[in-house]
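Asks: My questions concern the predicted model and sequence given below.
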Amino acid sequence: METITSAQYHQQHLENRKGYEVTYNTEGYDRIVRYSDRYVTGSYREGELRHGVRLLLYDGTWLKDLSVETLFDSHQWIVARFHLAGSSRIVISGNQDKSFKADYIHQPGKNYLFYLSDIKQIDEVAVGTELTILILFNFDFFRSFSTGSEILPETLQVLLESETLPLFHRQVGHITHQMNLALQQILHSPHQGMMKRMYLESKVIELLSWQLTQFVETQQGQYPFTSLKPVDVERVYQAKEILIQNHIQPPSLIDLAQQVGLHHMKLKLGFREIFGTTAFGCLRSYRLEEAKQFLQEGTMTVEEVANMVGYSHLSHFRNAFKRKFGITPGACRAGKKIVME
């Protein structure tokens, strides 16, 4: 594995890049950079959604194994990381806090929360795809929601009482169904311009609320957290994609498990841990989201939409749609407001 500093990486990136394109103030982001060099090809998007909150989205493919050493100065940014694809090893040592050391692996399907200031970090990345969403928020933004009576993780409670925060890094848990839905809405926002920035800001705050809730529940022992191997997490995501691609005639759970190489009980557990629901709960949610889009377009009847998304009984479709969105499919087609989950 090649080892370089971040300064060396940046210099070699400038010298060896094959494609480099920067656009500003587009698609709801302040800056979008698309690039290709000897190490990686991909893009990142960044935007300050409001004062004290930044959104960064990395989507790329590493072309070789690489270790990059970076020094970070003091700052007041807390980082929420949602790792959707790929894995990387991170080794951290505190420059001032000599007692702080960390060595961990970012795994797909998991989310992390950390505050790392004035540290040295070594990132070890492997050949393959990486898709990561980062939310950076500062101390003042965090405190702006305080009412003085919150139940917060002890790690963050200190911020309500002082101007400092100890270094920390936590694997909060698996990306739940609610988190994944918000992440997909960020990746595939239907809006443009100012409306997209408003939409992205709302989804970022929603993600943070789900993550902090999971953090609290994990500490209180309410959240069922067991660890799957990274290869098993990838197989669960693969199984979800197979379900979506075959949502009209989906395979049985046992057939699905055989296709991805997992025991059906482990696959069942994996869906619960990562998405917060069953395999067919994910499928039902996808079908109904698709149905909502078709209905809002208004070009098909309710019965046609039900058939389009795989429901053979219209009454089953109506009942499932109303449970999820709070209104009937007919009311949705007529333009009435959806009641969000």
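Replies: Great, that's in hand.
Asks: thought residue 182 was touching residue 211?
Replies: No - here residue 182 lies out of contact with residue 211, judged by Cβ atoms under 8 Å, at a distance of 10.1 Å. Any C-beta I mention is one placed from the backbone N, CA and C, and that applies to glycine too.
Asks: For the stretch 51-200 of the chain, just list every one of the strands.
Replies: 53-62, 66-72, 77-85, 88-94, 101-106, 110-115, 119-125, 128-138, 168-174 (DSSP state E, counting those that start in this stretch).
Asks: For these, please prepare CSV with the additional fields mean pLDDT and distance to residue 306.
Replies: CSV is the format used below for the strands of the stretch 51-200 of the chain (pLDDT from 0 to 100; distance: least, Cβ to Cβ, whole Å):
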stretch, mean pLDDT, distance to residue 306
strand 53-62, 94, 34
strand 66-72, 87, 50
strand 77-85, 92, 31
strand 88-94, 83, 43
strand 101-106, 80, 41
strand 110-115, 91, 35
strand 119-125, 88, 45
strand 128-138, 93, 33
strand 168-174, 87, 32
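Asks: Distance to residue 7 and mean neighbour count added to the ones you listed, as JSON lines?
Replies: Shown next, in JSON lines, are these (distance: least, Cβ to Cβ, whole Å; neighbours: other Cβ atoms under 10 Å):
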{"stretch": "strand 53-62", "distance to residue 7": "19", "mean neighbour count": "19"}
{"stretch": "strand 66-72", "distance to residue 7": "9", "mean neighbour count": "16"}
{"stretch": "strand 77-85", "distance to residue 7": "21", "mean neighbour count": "20"}
{"stretch": "strand 88-94", "distance to residue 7": "18", "mean neighbour count": "17"}
{"stretch": "strand 101-106", "distance to residue 7": "23", "mean neighbour count": "14"}
{"stretch": "strand 110-115", "distance to residue 7": "23", "mean neighbour count": "22"}
{"stretch": "strand 119-125", "distance to residue 7": "13", "mean neighbour count": "17"}
{"stretch": "strand 128-138", "distance to residue 7": "22", "mean neighbour count": "19"}
{"stretch": "strand 168-174", "distance to residue 7": "24", "mean neighbour count": "21"}
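Asks: could those be laid out in a markdown table, adding distance to residue 206?
Replies: Formatted as a markdown table, those follow (distance: least, Cβ to Cβ, whole Å):
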| stretch | distance to residue 206 |
| --- | --- |
| strand 53-62 | 12 |
| strand 66-72 | 28 |
| strand 77-85 | 12 |
| strand 88-94 | 26 |
| strand 101-106 | 22 |
| strand 110-115 | 13 |
| strand 119-125 | 28 |
| strand 128-138 | 11 |
| strand 168-174 | 15 |
